[in-house]
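*Asks:* Starting from these lines, generate the structure:
(one chain, ligands or ions: 1)
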Amino acid sequence: MRCKICQSEMRDVGTKVSAQTERVFNLAHCEVCQFSCVSNPRVDFEQIYDEAYYRGEGADPSVSYETEAGDPRTSRRYEWRGMLRVVQSVRPVGEETEWLDFGCGLGGFVEYLRAHGFRRAVGHDEGYAARRVETLNIPSLSARDLDSANGRFDVITAIEVLEHALDPLAVLRQMCSALKPGGVLVLTTGNAKPYRDKLTAWSYVVPDVHVSFFEPETLARAMRLAGLTPEHRGHSPGWTDIIRYKVLKSLHVQRQSWSEAIVPWPVVARIVDWRLGVSAQPVGSRGDEDSSA
Ligand SMILES: [Zn+2]
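*Replies:* Numbers count the residues shown, from 1 in each chain. Prediction:
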């Protein structure tokens with residue numbers, strides 16, 4: 001198959017069997033731009049991302065979006081706090097900031113932002129999540145709203161979204177066109193570089209739902225193709241909280257507690273980041289010239 005980023009021929013690098021559905025997925029890798037993907041992904045999105053998925057009973061059982069949405073002590077709040085700090089380290093933001101959380105799930109981060117004074121924050125998602133967010137009265141844009149939101153946003157965040165996309169370049173283009181000139185895209189997605197030669201061993205490859213994998217330079221290349229200017233900003237203080245959440249999630253610690261609070265997180269986060277390059281993915285900004293044409 002052709003690489004979804006650079007169009008070179010990809011090679012097969014093995015298979016991964018889904019722990020949830022026992023389906024066999026094929027993994028492919030591009031040696032030109034280092035993009036990797038599931039070459040036979042599921043496309044039954046309504047079945048994958050159904051109510052059970054958001055309860056943590058679907059293809060990715062490590063997160064219950066429903067539980068964390070109503071829990072002020074959810075460990076997810078570390079990720080939200082960290083994401084806000086990372087955005088603040090990239091550009092000044094305030095209550096007038098037009099902020100889109102792309103792939104917002106059940107809208108937890110949008111609510112967090114609005115509770116912290118960002119009253120123009122909105123979300124966007126598709127399928128069950130889009131319908132559920134509407135019943136929760138969390139401001140959100142439909143796919144049609146988003147298409148007509150060209151040049152509207154100062155900030156777009158996309159927390160662990162791009163790895164779900166079958167056509168990540170199209171998603172990046174969509175986000176780029178929704179940004180104002182000079183607006184920024186801050187996203188998180190796994191860094192495939194430490195696993196370049198052992199993709200099948202990477203726990204992040206949950207192939208029912210995670211289908212696109214980027215190294216930092218691959219993502220920078222994809223951003224440029226989408227009209228964004230990438231910048232590698234590296235580890236800033238907000239990453240401590242983002243990585244803290246990731247570590248707690250991997251340990252199935254769903255709530256904040258005194259026992260996790262005594263961990264020296266700035267040190268732990270630095271070590272995890274050094275090994276896995278979590279903060280190495282680039283930030284993208286839309287150029288001042290209109291590049292949507
Ligand atoms: Zn490629």
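*Asks:* Please tell me how far residue 72 sits from residue 116.
*Replies:* Residue 72 is 13 Å from residue 116, where distance means Cβ to Cβ, to the nearest Å. (Glycine included, C-beta is placed from N, CA and C.)
*Asks:* quick one, which of the two is more surrounded?
*Replies:* residue 116 (13 against 8; other Cβ atoms under 10 Å).
*Asks:* With adjacent residues omitted, what lies nearest to the more buried one?
*Replies:* Leaving out its chain neighbours, the residue that sits closest to residue 116 by Cβ to Cβ, 6 or more residues apart in numbering is residue 84, at 6.8 Å.
*Asks:* Pull out the buried residues from the helix or strand that contains that neighbour.
*Replies:* Secondary structure from DSSP states H and E places residue 84 in helix 76-90. Neighbour-count burial for helix 76-90 flags 76-87, 90 (criterion: 16 or more other Cβ atoms under 10 Å).
*Asks:* Run the chain-centre distance for that helix.
*Replies:* Centre-to-centre, helix 76-90 and its host chain are 13 Å apart (Cα atoms, centre = their mean, to the nearest Å).
*Asks:* And for stretch 191-208?
*Replies:* 16 Å.
*Asks:* do stretch 130-145 as well
*Replies:* Centroid separation between stretch 130-145 and its chain, computed with Cα atoms, centre = their mean, is 18 Å.
*Asks:* Just the C-alphas of it, formatted as PDB.
*Replies:* What follows is stretch 130-145, C-alpha atoms only, in PDB (Å, rounded to 0.1, in the frame of the first residue of the first chain):
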ATOM      1  CA  ALA A 130     -21.200  14.000  19.200                       C
ATOM      2  CA  ARG A 131     -24.700  13.000  20.200                       C
ATOM      3  CA  ARG A 132     -23.800  12.500  23.900                       C
ATOM      4  CA  VAL A 133     -22.000  15.800  24.100                       C
ATOM      5  CA  GLU A 134     -25.200  17.500  22.900                       C
ATOM      6  CA  THR A 135     -27.300  15.900  25.700                       C
ATOM      7  CA  LEU A 136     -24.600  17.000  28.200                       C
ATOM      8  CA  ASN A 137     -25.100  20.600  27.000                       C
ATOM      9  CA  ILE A 138     -21.400  21.000  26.200                       C
ATOM     10  CA  PRO A 139     -20.800  23.500  23.400                       C
ATOM     11  CA  SER A 140     -19.700  21.600  20.300                       C
ATOM     12  CA  LEU A 141     -19.600  21.900  16.500                       C
ATOM     13  CA  SER A 142     -21.000  19.400  14.100                       C
ATOM     14  CA  ALA A 143     -19.000  18.200  11.100                       C
ATOM     15  CA  ARG A 144     -21.000  20.700   9.100                       C
ATOM     16  CA  ASP A 145     -20.300  23.600  11.500                       C
END
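*Asks:* And the average pLDDT for that stretch is what?
*Replies:* If you average the pLDDT over stretch 130-145, you get 94.
*Asks:* Ok, stretch 176-190 next?
*Replies:* 98.
*Asks:* Can I get that stretch in CSV? Just the C-alpha atoms.
*Replies:* Presented in CSV, the C-alpha positions along stretch 176-190 are these (Å, rounded to 0.1, in the frame of the first residue of the first chain):
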residue,chain,number,x,y,z
CYS,A,176,-5.5,23.8,9.7
SER,A,177,-8.3,25.4,7.8
ALA,A,178,-10.3,25.9,11.0
LEU,A,179,-7.4,27.9,12.5
LYS,A,180,-7.0,31.6,12.1
PRO,A,181,-3.8,32.7,10.4
GLY,A,182,-1.3,32.6,13.2
GLY,A,183,-3.4,30.1,15.2
VAL,A,184,-1.8,27.1,16.8
LEU,A,185,-2.5,23.4,16.9
VAL,A,186,-1.3,21.6,20.0
LEU,A,187,-1.8,17.8,19.9
THR,A,188,-0.6,14.7,21.6
THR,A,189,-0.1,11.4,19.9
GLY,A,190,2.2,8.5,20.7
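*Asks:* Okay then, goodbye and thanks.
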